[in-house]
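In: What follows is a protein structure lacking sequence information:
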(Lines give C-alpha, C1' and ligand atoms only; values in the text may rest on other atoms or scores of the structure.)
Protein backbone atom coordinates (compact mmCIF):
# COMPACT_ATOMS: atom_id res chain seq x y z
CA UNK A 1 0.00 0.00 0.00
CA UNK A 2 1.18 3.50 -0.83
CA UNK A 3 -0.34 6.83 0.13
CA UNK A 4 1.04 10.16 -1.03
CA UNK A 5 -0.12 13.71 -0.57
CA UNK A 6 1.49 16.72 -2.18
CA UNK A 7 0.96 20.38 -2.72
CA UNK A 8 0.61 23.04 -3.49
CA UNK A 9 3.71 22.56 -5.65
CA UNK A 10 4.80 24.51 -8.77
CA UNK A 11 4.55 22.48 -11.99
CA UNK A 12 7.54 24.24 -13.55
CA UNK A 13 10.48 21.84 -13.46
CA UNK A 14 8.52 19.20 -11.53
CA UNK A 15 9.90 15.67 -11.99
CA UNK A 16 11.38 15.69 -15.48
CA UNK A 17 10.66 11.98 -15.80
CA UNK A 18 6.90 12.57 -15.87
CA UNK A 19 4.98 13.42 -19.07
CA UNK A 20 4.58 17.11 -18.32
CA UNK A 21 4.76 19.34 -21.45
CA UNK A 22 7.78 21.66 -21.67
CA UNK A 23 6.96 25.13 -20.42
CA UNK A 24 4.08 23.93 -18.24
CA UNK A 25 3.41 26.14 -15.24
CA UNK A 26 0.86 26.28 -12.43
CA UNK A 27 0.19 24.83 -8.98
CA UNK A 28 -0.33 21.12 -8.30
CA UNK A 29 -2.09 19.45 -5.37
CA UNK A 30 -2.68 15.71 -5.10
CA UNK A 31 -3.74 12.98 -2.73
CA UNK A 32 -3.19 9.44 -4.08
CA UNK A 33 -3.50 5.98 -2.57
CA UNK A 34 -2.18 3.00 -4.56
CA UNK A 35 -2.76 -0.66 -3.72
CA UNK A 36 -1.34 -3.64 -5.57
CA UNK A 37 1.20 -6.42 -5.92
CA UNK A 38 3.84 -7.30 -8.49
CA UNK A 39 6.08 -5.22 -10.78
CA UNK A 40 3.36 -4.28 -13.29
CA UNK A 41 2.03 -0.93 -12.05
CA UNK A 42 -0.87 -1.14 -14.50
CA UNK A 43 -2.40 -3.85 -12.34
CA UNK A 44 -2.26 -1.70 -9.21
CA UNK A 45 -5.43 0.06 -8.03
CA UNK A 46 -5.11 3.83 -7.52
CA UNK A 47 -7.60 6.16 -5.85
CA UNK A 48 -7.56 9.81 -4.87
CA UNK A 49 -7.53 13.17 -6.61
CA UNK A 50 -5.29 15.57 -8.54
CA UNK A 51 -5.88 19.30 -8.76
CA UNK A 52 -4.04 21.78 -11.03
CA UNK A 53 -4.85 25.48 -10.89
CA UNK A 54 -3.57 28.68 -12.50
CA UNK A 55 -1.88 26.51 -15.11
CA UNK A 56 -0.23 27.45 -18.36
CA UNK A 57 0.68 24.90 -21.04
CA UNK A 58 2.39 25.29 -24.42
CA UNK A 59 1.17 22.72 -26.96
CA UNK A 60 3.53 22.04 -29.85
CA UNK A 61 2.14 23.31 -33.14
CA UNK A 62 -0.72 25.32 -31.58
CA UNK A 63 -0.43 29.07 -32.06
CA UNK A 64 -1.20 30.19 -28.49
CA UNK A 65 -0.52 28.77 -25.05
CA UNK A 66 -3.33 27.36 -22.95
CA UNK A 67 -3.72 29.64 -19.94
CA UNK A 68 -5.77 29.70 -16.76
CA UNK A 69 -5.70 25.91 -16.89
CA UNK A 70 -7.76 24.28 -14.15
CA UNK A 71 -7.90 20.49 -13.74
CA UNK A 72 -9.48 18.28 -11.13
CA UNK A 73 -9.31 14.48 -11.49
CA UNK A 74 -10.85 11.84 -9.26
CA UNK A 75 -9.32 8.36 -9.60
CA UNK A 76 -11.24 5.25 -8.60
CA UNK A 77 -9.67 1.95 -9.57
CA UNK A 78 -9.27 1.62 -13.31
CA UNK A 79 -11.34 4.72 -14.10
CA UNK A 80 -10.62 8.42 -13.84
CA UNK A 81 -13.36 11.00 -13.46
CA UNK A 82 -12.54 14.37 -15.01
CA UNK A 83 -14.56 16.61 -12.75
CA UNK A 84 -13.27 19.71 -14.47
CA UNK A 85 -10.75 20.59 -17.15
CA UNK A 86 -10.94 24.24 -18.19
CA UNK A 87 -8.60 26.58 -20.01
CA UNK A 88 -8.51 29.71 -22.14
CA UNK A 89 -6.75 30.18 -25.46
CA UNK A 90 -6.82 33.67 -26.91
CA UNK A 91 -10.35 34.98 -26.33
CA UNK A 92 -11.78 31.45 -26.26
CA UNK A 93 -12.73 29.29 -23.32
CA UNK A 94 -13.08 25.49 -23.12
CA UNK A 95 -14.58 23.30 -20.38
CA UNK A 96 -14.35 19.49 -20.43
CA UNK A 97 -15.77 16.91 -18.08
CA UNK A 98 -16.41 13.19 -18.22
CA UNK A 99 -14.88 9.82 -17.44
CA UNK A 100 -11.93 7.84 -18.81
CA UNK A 101 -12.35 4.10 -18.34
CA UNK A 102 -9.35 1.75 -18.26
CA UNK A 103 -7.09 4.81 -18.23
CA UNK A 104 -3.87 2.85 -17.64
CA UNK A 105 -4.30 0.18 -20.33
CA UNK A 106 -6.84 1.06 -23.04
CA UNK A 107 -8.18 4.56 -22.32
CA UNK A 108 -11.84 4.91 -23.34
CA UNK A 109 -12.95 8.49 -22.67
CA UNK A 110 -16.56 9.69 -22.65
CA UNK A 111 -16.41 13.47 -22.55
CA UNK A 112 -18.50 16.60 -22.90
CA UNK A 113 -16.87 19.76 -24.27
CA UNK A 114 -18.54 23.13 -23.76
CA UNK A 115 -17.57 26.66 -24.69
CA UNK A 116 -19.21 30.06 -24.58
CA UNK A 117 -16.82 31.33 -27.27
CA UNK A 118 -14.44 29.29 -29.41
CA UNK A 119 -12.09 30.39 -32.19
CA UNK A 120 -11.38 27.04 -33.85
CA UNK A 121 -8.62 28.65 -35.93
CA UNK A 122 -6.47 28.91 -32.80
CA UNK A 123 -6.85 25.21 -32.02
CA UNK A 124 -5.81 23.94 -35.45
CA UNK A 125 -2.11 22.96 -35.34
CA UNK A 126 0.24 24.94 -37.55
CA UNK A 127 1.05 22.94 -40.68
CA UNK A 128 4.39 21.21 -40.15
CA UNK A 129 4.41 19.14 -43.31
CA UNK A 130 3.06 15.83 -44.55
CA UNK A 131 5.36 13.72 -42.37
CA UNK A 132 3.99 15.05 -39.06
CA UNK A 133 0.46 15.13 -40.46
CA UNK A 134 0.80 11.45 -41.34
CA UNK A 135 1.96 10.74 -37.78
CA UNK A 136 -1.16 12.37 -36.33
CA UNK A 137 -3.36 10.36 -38.70
CA UNK A 138 -1.57 7.18 -37.67
CA UNK A 139 -2.27 7.89 -33.98
CA UNK A 140 -5.97 8.38 -34.74
CA UNK A 141 -5.99 5.14 -36.74
CA UNK A 142 -4.43 3.16 -33.90
CA UNK A 143 -6.93 4.58 -31.42
CA UNK A 144 -9.85 3.71 -33.69
CA UNK A 145 -8.60 0.15 -34.13
CA UNK A 146 -7.81 -0.62 -30.49
CA UNK A 147 -9.71 1.90 -28.36
CA UNK A 148 -12.86 3.92 -28.07
CA UNK A 149 -13.82 7.55 -27.50
CA UNK A 150 -17.06 9.51 -27.27
CA UNK A 151 -17.01 13.30 -27.27
CA UNK A 152 -20.06 15.60 -27.36
CA UNK A 153 -19.34 19.26 -28.17
CA UNK A 154 -21.64 22.20 -27.43
CA UNK A 155 -20.40 25.68 -28.43
CA UNK A 156 -22.43 28.88 -28.12
CA UNK A 157 -20.27 31.10 -30.35
CA UNK A 158 -17.80 29.53 -32.77
CA UNK A 159 -15.51 30.97 -35.41
CA UNK A 160 -13.21 29.54 -38.07
CA UNK A 161 -11.52 32.32 -40.05
CA UNK A 162 -14.49 34.49 -41.19
CA UNK A 163 -17.09 31.73 -40.70
CA UNK A 164 -19.09 32.54 -37.56
CA UNK A 165 -21.72 30.46 -35.78
CA UNK A 166 -24.22 31.47 -33.12
CA UNK A 167 -24.30 27.81 -32.03
CA UNK A 168 -22.29 24.76 -33.06
CA UNK A 169 -22.68 21.18 -31.85
CA UNK A 170 -21.64 17.66 -32.78
CA UNK A 171 -20.74 14.21 -31.53
CA UNK A 172 -17.46 12.38 -32.18
CA UNK A 173 -17.36 8.59 -31.98
CA UNK A 174 -14.06 6.73 -32.39
CA UNK A 175 -13.87 2.94 -32.28
CA UNK A 176 -14.29 -0.33 -34.17
CA UNK A 177 -12.03 0.96 -36.93
CA UNK A 178 -14.14 4.04 -37.55
CA UNK A 179 -14.19 7.73 -36.66
CA UNK A 180 -17.56 9.43 -37.08
CA UNK A 181 -18.27 13.09 -36.50
CA UNK A 182 -22.06 13.12 -36.57
CA UNK A 183 -25.05 15.15 -35.44
CA UNK A 184 -23.23 18.21 -36.78
CA UNK A 185 -25.40 21.30 -36.48
CA UNK A 186 -24.41 24.92 -36.88
CA UNK A 187 -26.47 28.11 -36.91
CA UNK A 188 -25.37 31.50 -38.23
CA UNK A 189 -27.37 34.75 -38.08
CA UNK A 190 -28.36 34.14 -41.72
CA UNK A 191 -28.64 30.35 -42.10
CA UNK A 192 -27.62 26.95 -40.82
CA UNK A 193 -25.98 23.66 -41.75
CA UNK A 194 -26.10 20.02 -40.70
CA UNK A 195 -24.15 16.93 -41.66
CA UNK A 196 -21.86 14.07 -40.75
CA UNK A 197 -18.37 12.84 -41.67
CA UNK A 198 -17.26 9.20 -41.38
CA UNK A 199 -13.72 7.87 -41.80
CA UNK A 200 -13.11 4.12 -42.17
CA UNK A 201 -9.73 3.52 -40.52
CA UNK A 202 -8.39 0.08 -41.42
CA UNK A 203 -5.00 -1.32 -40.42
CA UNK A 204 -3.60 -0.30 -43.82
CA UNK A 205 -4.24 2.57 -46.17
CA UNK A 206 -6.41 3.65 -48.00
CA UNK A 207 -8.75 5.45 -45.62
CA UNK A 208 -12.30 5.90 -46.86
CA UNK A 209 -14.05 9.21 -46.17
CA UNK A 210 -17.79 9.81 -46.56
CA UNK A 211 -19.48 13.16 -45.91
CA UNK A 212 -23.10 14.27 -45.97
CA UNK A 213 -24.05 17.94 -45.75
CA UNK A 214 -26.96 20.34 -45.96
CA UNK A 215 -26.41 24.10 -46.05
CA UNK A 216 -29.31 26.52 -45.97
CA UNK A 217 -28.73 30.23 -46.60
CA UNK A 218 -25.22 30.65 -45.17
CA UNK A 219 -22.93 33.53 -46.31
CA UNK A 220 -20.75 32.04 -49.03
CA UNK A 221 -17.84 34.44 -48.44
CA UNK A 222 -17.54 33.13 -44.88
CA UNK A 223 -17.48 29.52 -46.08
CA UNK A 224 -14.86 30.29 -48.78
CA UNK A 225 -12.61 31.83 -46.11
CA UNK A 226 -11.97 28.27 -44.89
CA UNK A 227 -10.14 27.60 -48.18
CA UNK A 228 -8.58 31.05 -48.66
CA UNK A 229 -8.83 33.49 -45.72
CA UNK A 230 -7.16 36.30 -47.68
CA UNK A 231 -9.55 36.81 -50.61
CA UNK A 232 -13.29 37.34 -51.07
CA UNK A 233 -14.25 36.38 -54.64
CA UNK A 234 -18.02 36.61 -54.21
CA UNK A 235 -20.87 37.26 -51.80
CA UNK A 236 -24.29 35.71 -51.48
CA UNK A 237 -26.22 33.15 -49.47
CA UNK A 238 -25.41 29.52 -50.20
CA UNK A 239 -27.79 26.56 -50.09
CA UNK A 240 -26.38 23.11 -50.84
CA UNK A 241 -27.29 19.47 -50.37
CA UNK A 242 -25.04 16.55 -51.22
CA UNK A 243 -23.09 13.45 -50.28
CA UNK A 244 -19.42 12.89 -51.16
CA UNK A 245 -16.97 10.07 -50.69
CA UNK A 246 -13.22 9.95 -51.17
CA UNK A 247 -10.07 8.06 -50.25
CA UNK A 248 -6.90 9.11 -48.47
CA UNK A 249 -3.99 7.12 -49.84
CA UNK A 250 -0.34 7.74 -50.49
CA UNK A 251 -0.38 7.15 -54.24
CA UNK A 252 -2.86 9.79 -55.45
CA UNK A 253 -4.21 13.19 -54.35
CA UNK A 254 -7.37 13.16 -52.24
CA UNK A 255 -9.25 15.50 -54.62
CA UNK A 256 -8.88 12.98 -57.44
CA UNK A 257 -10.75 10.34 -55.43
CA UNK A 258 -13.87 12.45 -54.75
CA UNK A 259 -17.20 11.13 -56.00
CA UNK A 260 -20.76 12.25 -55.36
CA UNK A 261 -23.20 9.59 -54.18
CA UNK A 262 -26.10 11.56 -55.70
CA UNK A 263 -26.41 14.79 -57.73
CA UNK A 264 -25.66 17.82 -55.58
CA UNK A 265 -28.07 20.77 -55.60
CA UNK A 266 -26.35 24.17 -55.52
CA UNK A 267 -27.95 27.60 -55.12
CA UNK A 268 -26.65 31.11 -54.40
CA UNK A 269 -29.04 33.99 -53.66
CA UNK A 270 -28.74 37.78 -53.57
CA UNK A 271 -25.05 38.31 -54.11
CA UNK A 272 -22.24 39.74 -56.20
CA UNK A 273 -19.24 38.36 -58.08
CA UNK A 274 -16.44 40.56 -56.74
CA UNK A 275 -13.26 38.96 -58.12
CA UNK A 276 -14.28 36.30 -60.60
CA UNK A 277 -12.05 34.78 -63.25
CA UNK A 278 -14.75 33.97 -65.85
CA UNK A 279 -17.73 36.37 -65.88
CA UNK A 280 -15.66 39.57 -65.65
CA UNK A 281 -13.73 38.42 -68.74
CA UNK A 282 -16.97 37.61 -70.57
CA UNK A 283 -18.39 41.06 -69.83
CA UNK A 284 -15.17 42.79 -70.90
CA UNK A 285 -15.21 40.94 -74.23
CA UNK A 286 -18.77 42.24 -74.68
CA UNK A 287 -17.61 45.73 -73.53
CA UNK A 288 -20.42 45.83 -70.94
CA UNK A 289 -18.45 47.68 -68.16
CA UNK A 290 -17.67 50.58 -70.53
CA UNK A 291 -21.20 50.64 -71.91
CA UNK A 292 -22.75 50.90 -68.44
CA UNK A 293 -20.21 53.40 -67.10
CA UNK A 294 -22.02 56.01 -65.03
CA UNK A 295 -24.94 53.65 -64.43
CA UNK A 296 -23.27 50.60 -62.84
CA UNK A 297 -19.67 50.36 -61.60
CA UNK A 298 -18.98 46.67 -62.21
CA UNK A 299 -15.24 46.98 -61.53
CA UNK A 300 -15.80 48.42 -58.05
CA UNK A 301 -19.12 46.92 -56.95
CA UNK A 302 -18.91 43.56 -58.72
CA UNK A 303 -21.50 41.77 -60.85
CA UNK A 304 -24.86 41.53 -59.06
CA UNK A 305 -27.07 38.45 -59.26
CA UNK A 306 -30.47 37.40 -57.95
CA UNK A 307 -29.58 33.71 -58.02
CA UNK A 308 -27.09 31.14 -59.30
CA UNK A 309 -28.26 27.54 -59.56
CA UNK A 310 -26.73 24.27 -60.74
CA UNK A 311 -26.99 20.52 -60.34
CA UNK A 312 -23.48 19.12 -59.89
CA UNK A 313 -22.10 15.58 -60.05
CA UNK A 314 -18.56 14.58 -59.05
CA UNK A 315 -16.63 11.71 -60.63
CA UNK A 316 -12.97 11.11 -59.72
CA UNK A 317 -12.56 14.73 -58.69
CA UNK A 318 -14.20 16.23 -61.79
CA UNK A 319 -17.25 18.44 -61.14
CA UNK A 320 -19.80 18.41 -63.96
CA UNK A 321 -22.93 20.51 -64.44
CA UNK A 322 -25.28 20.60 -67.40
CA UNK A 323 -27.63 23.32 -66.13
CA UNK A 324 -25.80 26.34 -64.70
CA UNK A 325 -28.05 29.42 -64.50
CA UNK A 326 -26.73 32.88 -63.53
CA UNK A 327 -29.76 35.16 -63.12
CA UNK A 328 -28.63 38.80 -62.91
CA UNK A 329 -30.53 42.10 -63.16
CA UNK A 330 -28.10 42.92 -65.97
CA UNK A 331 -28.43 39.77 -68.08
CA UNK A 332 -29.04 36.03 -68.06
CA UNK A 333 -26.12 33.60 -68.36
CA UNK A 334 -26.43 29.83 -68.68
CA UNK A 335 -23.74 27.23 -68.95
CA UNK A 336 -22.54 23.65 -68.91
CA UNK A 337 -19.15 22.08 -68.37
CA UNK A 338 -16.59 20.76 -65.91
CA UNK A 339 -14.12 21.80 -63.22
CA UNK A 340 -11.27 19.30 -62.84
CA UNK A 341 -10.26 19.69 -59.18
CA UNK A 342 -6.90 17.83 -59.27
CA UNK A 343 -5.79 19.76 -62.37
CA UNK A 344 -7.65 22.94 -61.29
CA UNK A 345 -8.88 23.39 -64.89
CA UNK A 346 -12.14 24.60 -66.41
CA UNK A 347 -13.94 23.42 -69.53
CA UNK A 348 -17.16 25.43 -69.92
CA UNK A 349 -19.54 26.89 -72.46
CA UNK A 350 -21.60 29.97 -71.55
CA UNK A 351 -24.61 31.47 -73.34
CA UNK A 352 -25.40 35.11 -72.56
CA UNK A 353 -28.72 36.88 -73.11
CA UNK A 354 -28.97 40.68 -72.82
CA UNK A 355 -32.43 40.49 -71.22
CA UNK A 356 -32.32 42.67 -68.10
CA UNK A 357 -32.50 46.20 -66.77
CA UNK A 358 -30.27 47.57 -69.55
CA UNK A 359 -31.31 45.32 -72.42
CA UNK A 360 -31.90 48.34 -74.66
CA UNK A 361 -28.18 49.20 -74.39
CA UNK A 362 -26.59 45.77 -74.03
CA UNK A 363 -28.75 44.27 -76.78
CA UNK A 364 -27.11 46.62 -79.29
CA UNK A 365 -23.66 45.12 -78.74
CA UNK A 366 -22.58 43.70 -82.15
CA UNK A 367 -21.40 40.40 -80.65
CA UNK A 368 -24.99 39.42 -79.84
CA UNK A 369 -26.67 37.53 -82.64
CA UNK A 370 -30.21 36.29 -83.19
CA UNK A 371 -30.34 32.60 -82.42
CA UNK A 372 -33.87 31.62 -81.48
CA UNK A 373 -35.86 33.97 -83.66
CA UNK A 374 -38.28 31.23 -84.63
CA UNK A 375 -39.17 30.40 -81.05
CA UNK A 376 -38.81 33.83 -79.43
CA UNK A 377 -38.63 36.60 -82.04
CA UNK A 378 -36.00 39.24 -81.36
CA UNK A 379 -34.03 37.15 -78.84
CA UNK A 380 -30.27 37.55 -79.16
CA UNK A 381 -27.39 35.70 -77.53
CA UNK A 382 -23.61 35.50 -77.38
CA UNK A 383 -21.79 32.22 -76.85
CA UNK A 384 -18.43 31.75 -75.13
CA UNK A 385 -16.00 28.90 -74.58
CA UNK A 386 -13.97 28.85 -71.34
CA UNK A 387 -10.93 26.59 -71.06
CA UNK A 388 -7.77 26.48 -68.97
CA UNK A 389 -6.62 27.10 -65.39
CA UNK A 390 -9.43 28.07 -63.01
CA UNK A 391 -7.51 31.12 -61.80
CA UNK A 392 -6.88 32.48 -65.32
CA UNK A 393 -8.81 30.61 -68.03
CA UNK A 394 -8.93 31.48 -71.70
CA UNK A 395 -12.34 32.99 -72.60
CA UNK A 396 -13.11 32.79 -76.32
CA UNK A 397 -16.11 34.28 -78.14
CA UNK A 398 -17.81 31.91 -80.59
CA UNK A 399 -19.05 33.93 -83.60
CA UNK A 400 -22.71 33.63 -84.53
CA UNK A 401 -21.79 32.12 -87.90
CA UNK A 402 -20.28 29.12 -86.11
CA UNK A 403 -23.53 28.74 -84.17
CA UNK A 404 -25.48 28.60 -87.41
CA UNK A 405 -23.53 25.52 -88.50
CA UNK A 406 -24.90 23.52 -85.57
CA UNK A 407 -23.81 22.98 -82.02
CA UNK A 408 -22.76 19.95 -80.03
CA UNK A 409 -21.37 19.25 -76.56
CA UNK A 410 -21.32 21.91 -73.86
CA UNK A 411 -22.19 24.83 -76.21
CA UNK A 412 -25.36 22.99 -77.26
CA UNK A 413 -26.25 22.35 -73.61
CA UNK A 414 -25.65 26.00 -72.68
CA UNK A 415 -28.02 27.14 -75.44
CA UNK A 416 -30.64 24.55 -74.45
CA UNK A 417 -30.56 25.74 -70.82
CA UNK A 418 -30.91 29.37 -71.96
CA UNK A 419 -33.89 28.42 -74.15
CA UNK A 420 -35.59 26.71 -71.21
CA UNK A 421 -34.87 29.56 -68.79
CA UNK A 422 -36.26 32.23 -71.10
CA UNK A 423 -39.28 30.12 -72.08
CA UNK A 424 -40.24 29.27 -68.48
CA UNK A 425 -41.97 32.56 -67.54
CA UNK A 426 -44.24 32.33 -70.58
CA UNK A 427 -45.14 28.74 -69.79
CA UNK A 428 -45.97 29.68 -66.22
CA UNK A 429 -48.27 32.45 -67.42
CA UNK A 430 -49.86 30.27 -70.12
CA UNK A 431 -49.61 26.64 -68.93
CA UNK A 432 -51.99 25.43 -71.64
CA UNK A 433 -49.93 26.84 -74.48
CA UNK A 434 -47.85 24.37 -76.55
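Out: Structure received. Every value quoted in this text rests on a predicted model; they were computed, and no experiment measured them.
In: Just list the residues touching residue 396, thanks.
Out: For residue 396, the contacting residues are 384-387, by CB atoms under 8 Å, 6 or more residues apart in numbering. Every residue, glycine included, has its C-beta placed from N, CA and C.
In: In CSV, list the residues you listed along with distance to residue 112.
Out: Converted to CSV, those look like this (distance: CB to CB, whole Å):
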residue, distance to residue 112
384, 54
385, 55
386, 50
387, 52
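In: Weed out the non-buried ones from these.
Out: For the contacts of residue 396, burial is judged from neighbour counts taken by 16 or more other CB atoms under 10 Å, and it is met by 384-386.
In: pLDDT score for residue 130?
Out: Confidence per residue is given as pLDDT, and for residue 130 that number is 40.
In: swap in residue 317?
Out: For residue 317, the pLDDT comes out at 95.
In: And it, how close does it get to residue 262?
Out: Taking CB to CB, to the nearest Å as the measure, residue 317 falls 17 Å from residue 262.
In: These two: which is more packed in?
Out: Each of residue 317 and residue 262 had its neighbours counted (other CB atoms under 10 Å), and the higher figure belongs to residue 317 (19 against 11).
In: residue boundaries of the helices in the chain?
Out: Ranges of helices in the chain, per DSSP state H, are 130-146, 220-224, 279-286, 288-291, 298-301, 359-362, 400-404, 409-429.
In: who's in contact with residue 366?
Out: The contact partners of residue 366, taken as CB under 8 Å, 6+ apart, number zero.
In: How about the backbone phi and psi for it?
Out: Backbone dihedrals for residue 366, given as degrees, to the nearest 10, come out at phi -60, psi -20.
In: picking that back up, mind putting the buried ones among the contacts of residue 396 in TSV, distance to residue 200 and pLDDT included?
Out: Compiled in TSV, the buried ones among the contacts of residue 396 are given as follows (distance: CB to CB, whole Å; pLDDT from 0 to 100):
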residue	distance to residue 200	pLDDT
384	43	95
385	41	95
386	37	97
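In: out of these, which one sits closest to residue 411?
Out: Distances from residue 411 to the buried ones among the contacts of residue 396, taken as CB to CB, are shortest for residue 385 (7.0 Å).
In: Cross-check the contact I'm expecting between residue 307 and residue 329.
Out: No: judged on CB atoms under 8 Å, residue 307 makes no contact with residue 329 at a distance of 11.1 Å.
In: These two: which is more packed in?
Out: residue 307 (16 against 12).
In: what's the spacing between that one and residue 218?
Out: Here the criterion is CB to CB. By it, residue 307 lies 15 Å from residue 218.
In: Can you list the low-confidence ranges for the stretch 251-400 of the chain?
Out: Under the criterion pLDDT under 70, the flagged ranges of the stretch 251-400 of the chain are 251-252, 371-379, 400.
In: how about 80 then?
Out: In the predicted model of the stretch 251-400 of the chain, residues 251-252, 369-380, 400 satisfy pLDDT under 80.
In: rewinding a little: distance to residue 294 added to the buried ones among the contacts of residue 396, as CSV?
Out: Below are these laid out as CSV (distance: CB to CB, whole Å):
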residue, distance to residue 294
384, 26
385, 31
386, 29
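In: closest to residue 93 among those residues?
Out: Checking those against residue 93 with CB to CB, the nearest one is residue 386 at 47.8 Å.
In: ok, the closest one touching residue 351?
Out: No: here residue 386 does not reach residue 351: they are 11.8 Å apart, not a contact under CB under 8 Å.
In: that older thread, anything in contact with each of residue 307 and residue 329?
Out: Listed as contacting both residue 307 and residue 329 by CB under 8 Å, 6+ apart is no residue at all.
In: got a list of what residue 298 touches?
Out: Under the criterion of CB under 8 Å, 6+ apart, the contact partners of residue 298 comprise 280, 283, 288-289, 292.
In: again, 7 Å this time
Out: The contact partners of residue 298, by CB atoms under 7 Å, 6 or more residues apart in numbering, come to 283, 289, 292.
In: Could you do residue 155 as well?
Out: Residues in contact with residue 155, defined by CB under 7 Å, 6+ apart, are 115, 118, 167-169.
In: Name whatever forms a beta bridge with it.
Out: When assigned by DSSP bridges, residue 155 has beta-bridge partners residue 115, residue 168.
In: what about the closest residue in space to residue 288 that isn't next to it in sequence, distance to residue 291?
Out: Of all residues beyond its chain neighbours, the one nearest residue 288 is residue 362 (6.2 Å), with distances taken as CB to CB, 6 or more residues apart in numbering. Counting by CB to CB, the gap between residue 362 and residue 291 amounts to 7 Å.
In: which of the residues in stretch 275-287 are buried?
Out: Judged by neighbour count using 16+ other CB under 10 Å, the buried positions of stretch 275-287 are 277-283, 285-286.
In: Could you point out the longest strand of the chain?
Out: Using DSSP state E to define each element, the chain has its longest strand at strand 234-248.
In: Mind checking which of residue 362 and residue 291 has more residues around it?
Out: When neighbours are counted by other CB under 10 Å, residue 362 comes out ahead of the other of residue 362 and residue 291, with 24 against 16.
In: Identify the bridge partners of residue 184.
Out: For residue 184, the residues forming beta bridges with it (DSSP bridges) are residue 195.
In: what about it, how many neighbours?
Out: 20.
In: before we move on, the earlier item: pipe the buried residues of stretch 275-287 into CSV and attach distance to residue 36 per row.
Out: Supplementary listing: these in CSV, determined by distance: CB to CB, whole Å:
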residue, distance to residue 36
277, 68
278, 70
279, 72
280, 73
281, 75
282, 77
283, 78
285, 81
286, 83
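In: Relative to residue 399, which of the residues you listed is nearest.
Out: When those are compared against residue 399 (criterion: CB to CB), the nearest one is residue 285, at 12.0 Å.
In: For the closest one, give its distance to residue 385.
Out: 11 Å.
In: go on, residue 397?
Out: Between residue 397 and residue 385 the distance, using CB to CB, works out to 8 Å.
In: How are the strands of the stretch 51-200 of the chain distributed by residue range?
Out: Defined through DSSP state E, counting those that start in this stretch, the strands belonging to the stretch 51-200 of the chain, from first to last, are 66-76, 79-89, 92-101, 108-119, 148-155, 158-160, 163-165, 167-175, 178-187, 192-200.
In: Spit out the contact partners of residue 68.
Out: Residue 68 is in contact with 87-88, counting by CB under 7 Å, 6+ apart.
In: Residue 191 versus residue 281, what's the distance?
Out: Using CB to CB, which is the criterion applied here, residue 281 is 30 Å from residue 191.
In: same question, residue 62
Out: Taking CB to CB as the measure, residue 62 and residue 191 are separated by 30 Å.
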